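**Q** Quick one, structure for this:
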Amino acid sequence: MSDYQLYLIALIASVAVFVLNKAYQTTGKKVPEAVLTVGVYAVSFGLAVVWQGFAIPSAPVCAPSDPGACVNAWLAVVTNVLQAIGGYVAFAALIYQALLKKILESYVPGVWSKIKRKG
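**A** Numbers count the residues shown, from 1 in each chain. This is a model prediction of the structure:
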């Protein structure tokens, strides 16, 4: 990842911690871990799609006389889509690790110190 991407992740983490702390002060309840995890991954996946660009493969043109070729062409499209999604998921996992670390260090410092001792 580039420097500006890491800076943006740190900025997003700071804003997330600020919002989470304000929500805690207002309601008196911490955000459940499951909600925090899903939210952080959703943001990470969105950043991965934005930073890598989004391209949808074009649909194949099929001749009615050759259904086998049409099936093969659609399978190739499905393969291309799955490969693209795999790249997004892998990059999102990298962003997720950096973002979650920043949020846990600030929002739940006790949890991060336990993770560091185990690792």
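
**Q** for residue 62, helix, strand, or coil?
**A** Assigned with DSSP: H, G, I helix; E, B strand; the rest coil, residue 62 falls in the coil class.

**Q** all numbers from here: first residue = 775
**A** In the new count, where the first residue is 775, that last one comes out as residue 836.

**Q** My understanding was that it contacts residue 843; is that so?
**A** Yes. Using C-beta atoms under 8 Å, residue 836 is in contact with residue 843, at 7.0 Å. Every C-beta, even on glycine, is put in place using the N, C-alpha and C of the backbone.

**Q** Nearest spatial neighbour of residue 787, chain-adjacent residues omitted?
**A** residue 876 (3.4 Å; C-beta to C-beta, 6 or more residues apart in numbering).

**Q** Against which helices or strands is the helix or strand hosting that neighbour packed?
**A** Residue 876 is part of helix 841-881, with elements assigned from DSSP states H and E. Using 3 or more C-beta pairs under 8 Å, 6 or more residues apart in numbering; DSSP states H and E as the contact test, the elements touching helix 841-881 are helix 777-801, helix 807-826, helix 883-892.

**Q** show me where pLDDT drops low in this protein?
**A** Across the chain, residues meeting the criterion (pLDDT under 70) sit at 882-893.

**Q** ok, and the closest non-adjacent residue to residue 819?
**A** The shortest distance from residue 819 to any non-neighbouring residue, by C-beta to C-beta, 6+ apart, is to residue 866 (4.2 Å).

**Q** Would you mind measuring from residue 858 to residue 843?
**A** Going from residue 858 to residue 843 by C-beta to C-beta, to the nearest Å gives 23 Å.

**Q** out of these two, which sits in the more crowded spot?
**A** It is residue 858, of residue 858 and residue 843, that has more neighbours when counted by other C-beta atoms under 10 Å, with 17 against 12.
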